[in-house]
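Undergrad: Output the structure for:
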Amino acid sequence: MSKRILVTSCIGLAIVAIAVSAVLYMQRGARVGLTGKILKVRTEALDENSSIAVIDFRFVNPSDYPFVVRTVTVVLEDSSGNQYNGQTVSEMDAKRLFEGMPILGPKYNDTLVMGNRIPPRGSEDRMVAARFEAPVARLEPPARKRFLVRIEDVDGPITELSEK
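TA: Numbering: from 1, shown residues only. Next up, the predicted model:
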């Protein structure tokens, strides 16, 4: 009798394992969020007490649902671990910034702004520019540990891309 119970228990566990695996497999694209990396960072002084950071990045939406941007925030993390939020620049101001400051180089990508829709399974290259009330020396290594780009979806998930 105990051998019979052992065999039926093993068969039952195998059926449960197959069912759980099937559910997890079907839900693989249901998590909304982005993955990606920062490609290039450019910094320049606006005056002695404020600076601009231009960050080019690439991201992928691995889910089966579109990602709709609510906010994009650039955060400066200094070498001691303190974090400072930058004031994000709009697309129109970014165009003027590149026209007025040719030292930044060319504007490679469009700015990621509120309301942008990233399609399911889509990949894009974008940029964001942010103003910091700090001298440019604080935005340069070794004073800067890294930049973080935080992208929030309208439904709540937040993606954070970190500079290596």
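Undergrad: hey, let's count contacts and neighbours off CA atoms from now on
TA: Noted.
Undergrad: Where does the prediction get shaky in the chain?
TA: 1, 24, 26-31 (pLDDT under 70).
Undergrad: Recalculate using a threshold of 90.
TA: Counting by pLDDT under 90, the chain contains low-confidence residues at 1-12, 14-15, 17-33, 64, 155-156, 164.
Undergrad: can you map out the helices along it?
TA: Secondary structure of the chain (DSSP state H): helices at 2-26, 91-100, 136-139.
Undergrad: Now the second one: buried residues?
TA: So that's helix 91-100. Neighbour-count burial for helix 91-100, counted by 16 or more other Cα atoms under 10 Å, picks out 91, 94, 97.
Undergrad: Next, work out how far apart V136 and E48 are.
TA: Separation of V136 from E48 (Cα to Cα, to the nearest Å): 8 Å.
Undergrad: picking that back up, looking at the buried residues of helix 91-100, which is nearest I151?
TA: E91 (16.0 Å; Cα to Cα).
Undergrad: Identify the residues contacting that closest one.
TA: Residues near E91 by Cα atoms under 8 Å, 6 or more residues apart in numbering: 110-111, 113.
Undergrad: try 6 Å
TA: By Cα atoms under 6 Å, 6 or more residues apart in numbering, E91 lies in contact with T111.
Undergrad: what's the answer for T111, then?
TA: So T111 contacts 91, 126-128 (Cα under 6 Å, 6+ apart).
Undergrad: Ok, F67 next?
TA: For F67, the contact set (Cα under 6 Å, 6+ apart) comprises 117-118.
Undergrad: how far away is it from K3?
TA: The separation that F67 has from K3, given Cα to Cα, amounts to 53 Å.
Undergrad: cool, and T43?
TA: Taking Cα to Cα, one finds T43 at 72 Å from K3.
Undergrad: Next: R42.
TA: In this view, R42 and K3 are 70 Å apart by Cα to Cα.
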